[in-house]
Every structure is written in C-alpha cells, then in structure tokens.
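Enquirer: Predicted structure and sequence below. I'll ask about it afterward.
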Amino acid sequence: MRGPALVAASIMLVVAAAAIAHSQETQPAPALAVDTATGLPEWEKVYAVFSHPRCANCHVDDNRPRWSGPEFPMAKVHGFNVQGGADGSGFGNPGLRCTTCHFATNSPMRHGPPGAESWHLAPPEMVWFGKSSAEICAQTKDPERNGDRTLEEIATHVRDDGLVGWGWDPGPGRQPAPGSAEQTFLAIQRWAAAGAPCP
Amino acid sequence: MRLTVNGNAIDIDADPDMPLLWALRDLAGVLGPKFGCGIAACGACTVHIDGTPVRSCALPVGEVDGDILTIDGLATDGKLHPVQQAWLEEQVAQCGYCQAGQIMSAVALLDEIANPTDEDIDNAMGGNLCRCGTYPRIRSAIKRAAALKTAGI
C-alpha cells in the first residue's frame, strides 16, 4: 500500500515544483537597488555630453542635422539641404552623401567641414537634439531606442567609436564636448552601477 | 604618390595634407574641377572617387583611396556623357564656372536614381551653388539627361 501513496506524494511534489518554477518565471527580476544620490550626478555628466551640440546636432528626429552651439548665433538646420537620406541610412542622399564633404579628418580651415570616419546621422529613434535630461535618459536605457545595447555596451561605444570620439576633437573653431571619452565612459559605468536613475 | 585620374595613373610629389584639388590642377594638370570656396561649401570642385561625389578642395590627397573621375574624363570616345549633352541642349550655363561641379553631382545622382523627382534633384544638388541662378535650367537638364540615358543616347 505504500506504493500508491509514494506515487501520489511524488506527483504532488512535481506539481508543486512546477508551480514554483512557473511563479519564478512570471515574476519580474528583482530590481537593482537604485542609488539616486550617487547615480544622478553621474548621469548629469553623461547628459552634459549627450546634449552638447557636438553630439546632439546629429541626433535629430527629422532627418536634418543641425548647426548649433556657441559658434552659431542661433540654431539652424544644416545648410545645402543636407539630410540623413531618403533611404533611412543616415549617410545622405544620392548625389550628396555626408562623405561628399566630411572626410576622415577635420578640415584645418575655420568653417571647413569637420571629419571623422563614417560620418553619418544617428538613427532617428536616438533623438537628443532639443530633448530634456529625463527624455534622453529614458531613451538611453531603452533597447528599442538605443541600438539594442546594454548600458555597458553604450559605455564602450562612447569610449571607442571614432565618430563619437570626434565630439572631443571637433577641429578649429568648434567647442568640444565636455570632459573626455574616457571620463564619459566611466560616468556611464558609475551611473549604471548605481541603478541608472533618471531625473 | 600615385593617383588614378580618369583612367590614367599619375605620379605626383605632394604633401599628404594638400587638398586633392591642388594636386589635380597644379600637379596633375587636370583643370576641369574649379576652386570656388576652399571649404566644401560651393561644390565647384566636385569630382568622383569610385563613383561617390567629393569636394576635392577639402579632401586631403593623402586620404584618397580609389579611382578619381573628373569632368575631363566624363566623355567616352569623344561622345559626351548624357548629362553633358543635356547641359548643352538646355543651355544651362551662364558664366559656367560652377558647371563642372554641378554636372559631376548630377551624374552621381543619375547613377543611383534613373528618373529623379524634383525632390531627388533638390536633395542631390543642394551643395552645388550657382551664383548666376541657373537652377531651373539645371533641373530641366537633369530630367533631360535622365531621358537621354534611359534611351541609351
């Protein structure tokens, strides 16, 4: 008689275990502790870079890069009817690509075209121009709007990408982005470690 | 260094930072591309590198990686390129100074879009300035060139 009882007990255990496993699968992962006091000042360093004209001018949502910053009396769309491209590539239109004027290095001439490898617009979902700190923060954390990157991948992208790095070496007559690529990389890491709080 | 210009290999002795336009005009004797602004802001110096239009006044010759085509090499076997032919038929040029660059940008456009709309033309040609204001004739000529090219003329 012990046999059927053992089988029944085993079935109950299996069912209970399955219920627990199901419960664990459907529960959201426990949130990382968010250290706002540590994280927000780090985010503000990141925001100061992302919102700087050297970076934000090519993070637009209307396909038209900007000419803005302390060098300009007012923000303007890029001259010459320049656009990211009707094909959505970010590299310009047939007959007038970004690389028609923007080469691998900065022009030494004041008002000459700045340059870096692979000059192009950021995808429109990564819009920064005219956006608030809270909006850029939310975008940065959203894989659907940040190129499907983890925060660590964003940090290394900022540190290692040549076109991003141009923001700190923009050529004559242009104010560079604040800090450095390395400092921004570290700020993103510290912000992420603090739970990536947004304002 | 060696450049390939209009199918010809040309050896020049140039500082790598020299703008390509200088190398073409002063060292290689290729005089089609014109100096206008010197900062890639007018388009008069436009040439192609492997089919992509570039402003040769701002491109360091040391960065050139590919075959260069200037307006001097656009005609083949004495036959004008359809864009050149259309330029004549529409009598586009006024003073003509910007036309070498205009034509090279138009050629690049038609290489990618066979029958461009007005918007396609505006998007392609916005970086080529014409102080004579021949823009309506430029647009007409590009459409005529598209028809000539499609017809194989």
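Expert: Yep, that arrived. Numbers count the residues shown, from 1 in each chain, chains lettered A, B, ... in the order given.

Enquirer: What does residue B:8 show for phi and psi?
Expert: phi -110, psi 130 (degrees, to the nearest 10).

Enquirer: number of nearby residues for it?
Expert: 11 (other Cβ atoms under 10 Å in any protein chain shown). (Each C-beta comes from the backbone N, C-alpha and C, glycine too.)

Enquirer: which residues touch it?
Expert: Not one residue lies near residue B:8 by Cβ atoms under 8 Å, 6 or more residues apart in numbering or on different chains.

Enquirer: My read is that residue B:28 contacts residue B:1, right?
Expert: No. Between residue B:28 and residue B:1 there is no contact under Cβ atoms under 8 Å: 11.1 Å.

Enquirer: list the residues that contact both of those two?
Expert: Shared contacts of residue B:28 and residue B:1, defined by Cβ under 8 Å, 6+ apart, are found at residue B:12.

Enquirer: Between these two, which has more neighbouring residues?
Expert: Shown here are residue B:28 and residue B:1; by other Cβ under 10 Å, residue B:28 has more neighbours (21 against 13).

Enquirer: Which parts of chain A are helices?
Expert: When assigned using DSSP state H, the helices of chain A occupy the ranges A:2-26, A:36-50, A:53-56, A:133-141, A:151-160, A:162-165, A:181-193.

Enquirer: Helix A:181-193 and the second one, what's the angle between them?
Expert: Same thing as helix A:36-50. Calculated by axes from the mean of the first three to the mean of the last three Cα atoms, to 10 degrees, helix A:36-50 forms an angle of 140 degrees with helix A:181-193.

Enquirer: which helices and strands sit right next to helix A:36-50?
Expert: helix A:133-141, helix A:181-193 (3 or more Cβ pairs under 8 Å, 6 or more residues apart in numbering or on different chains; DSSP states H and E).

Enquirer: for the last one, same thing?
Expert: Secondary-structure packing of helix A:181-193 (3+ Cβ pairs under 8 Å, 6+ apart): helix A:36-50, helix A:151-160.

Enquirer: out of these, deepest packed?
Expert: Ranked by mean neighbour count, those are led by helix A:36-50 with a mean of 18 (mean count of other Cβ atoms under 10 Å in any protein chain shown).

Enquirer: Can you tell me what sits against that one?
Expert: By Cβ under 8 Å, 6+ apart, the residues outside helix A:36-50 that reach it are A:55-56, A:59, A:128, A:133, A:136-137, A:140, A:158, A:167, A:177-179, A:183-184, A:187-188, A:190-191, A:194-199.

Enquirer: Mind checking which of the residues you listed are buried?
Expert: Buried members of the contacts of helix A:36-50, scored by 16 or more other Cβ atoms under 10 Å in any protein chain shown, are A:55-56, A:59, A:128, A:133, A:136-137, A:140, A:158, A:167, A:177, A:179, A:184, A:187-188, A:190-191, A:194, A:196-198.

Enquirer: Please report how far the residue nearest the centre of chain B lies from residue A:126.
Expert: With distances taken as Cα atoms, centre = their mean, the residue of chain B nearest its centroid is residue B:104 (2.3 Å). Applying Cβ to Cβ, to the nearest Å, the value for residue B:104 to residue A:126 is 33 Å.

Enquirer: cool, residue A:92 as well?
Expert: 18 Å.

Enquirer: Just want to know which of those two has more residues nearby.
Expert: residue A:92 (27 against 19).

Enquirer: Outline the domain layout of the chain.
Expert: Just going to use chain A. Split into domains by automatic domain parsing, chain A comes to A:1-30, A:35-193.

Enquirer: meant chain B, my bad for not saying
Expert: As given by automatic domain parsing, the domain ranges for chain B are B:2-73, B:82-150.

Enquirer: who in chain A is up against chain B?
Expert: When proximity is defined by Cβ under 8 Å from any Cβ of the partner chain, chain A lies next to chain B at A:79-83, A:86, A:93-97, A:99-101, A:103-105, A:107-109, A:111-113.

Enquirer: now the residues you listed: which count as buried?
Expert: A:80-83, A:93-97, A:99-101, A:103-105, A:107, A:109, A:112-113.

Enquirer: coming back round to it: need the helices and strands packed on helix A:181-193 in TSV (columns: distance to residue B:124).
Expert: Converted to TSV, the helices and strands packed on helix A:181-193 look like this (distance: least, Cβ to Cβ, whole Å):
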stretch	distance to residue B:124
helix A:36-50	32
helix A:151-160	31
